[in-house]
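In: structure, please.
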Amino acid sequence: MRRYKILTVWLSLFLTFCTKSMVLDVPINHFNEGYAKRNPTSIEATTMLIRNNKTTVFPPFNKMPPDATYYEIPHYIKFFRKLENLHLVSLFVKQLPVELQELPNLENLSFSIGDASSITQIIDVLKSCKKLKALHLMAAIITNAQLNELKRGLPHVNVSIQP
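Out: Predicted structure coming up:
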């Protein structure tokens, strides 16, 4: 009986250690093709924040800021297979790479959408993300029609606009 208790405690400690979440907070200029090679443990991350070094101040009246940065998520994002949360901070997205569908645990995604964003392409990619539960549009510059198109195109995803 004592061995069983010791084994149970050891197994629970082992599982706790193995399921430990890892958060990456990476400046946009550091997240390039060699990032995973320079930081091999980074592919174990469950949450990734890719940040714009300059903070964009969003003007009122739903207009694009003059210093908006559009960002293309690199195709090598597919190597980060444990990602559950991907957040692009102060970055606008025109399109999403189809490699997002290769992230089997992706549940939450946040980024900004602007004038040059392709809503149709974004919907097509996100439809193939099987576990996606929430799409948070950060300071999105879109019309109500575009927002409704996103919600209709992704009926099983909670689409929200965050200020």
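
In: next, work out how far apart residue 110 and residue 145 are.
Out: For residue 110, the distance to residue 145 equals 21 Å [C-beta to C-beta, to the nearest Å]. Just so you know, the C-beta spots here come from the backbone N, C-alpha and C atoms, and that holds for glycine as well.

In: which one's more surrounded, those two?
Out: Per other C-beta atoms under 10 Å, whichever of residue 110 and residue 145 has more neighbours is residue 110, with 17 against 9.

In: beta-bridge partners for the residue sitting nearest the centre point of the chain, please?
Out: The residue lying closest to the centre of the chain (C-alpha atoms, centre = their mean) is residue 86, at 2.0 Å. Beta-bridge pairing for residue 86 (DSSP bridges): residue 48, residue 109.

In: contacting residues for it?
Out: 47, 48, 50, 77, 103, 106, 108, 109, 110 (C-beta atoms under 8 Å, 6 or more residues apart in numbering).

In: pLDDT score for it?
Out: At residue 86, the predicted lDDT confidence score is 97.

In: what's the answer for the one 10 residues further on, then?
Out: Model confidence at residue 96, given as pLDDT, is 96.

In: could you list every residue that touches residue 51?
Out: Counting by C-beta under 8 Å, 6+ apart, residue 51 has contacts 25, 26, 27, 28, 89, 90, 91.

In: and it, how close does it get to residue 153?
Out: From residue 51 to residue 153 the distance is 28 Å (C-beta to C-beta).

In: ok, of the contacts of residue 51, which come out buried?
Out: Buried subset of those (neighbour count, 16 or more other C-beta atoms under 10 Å): 26, 28, 89, 90, 91.

In: ok, so of the contacts of residue 51, who is nearest residue 63?
Out: residue 90 (16.2 Å; C-beta to C-beta).

In: so who does the nearest residue to the closest one once chain neighbours are set aside touch?
Out: Closest residue in space to residue 90, ignoring its immediate chain neighbours: residue 52 at 3.8 Å, by C-beta to C-beta, 6 or more residues apart in numbering. Residue 52 sits next to 28, 69, 71, 89, 90, 91 when contact means C-beta under 8 Å, 6+ apart.
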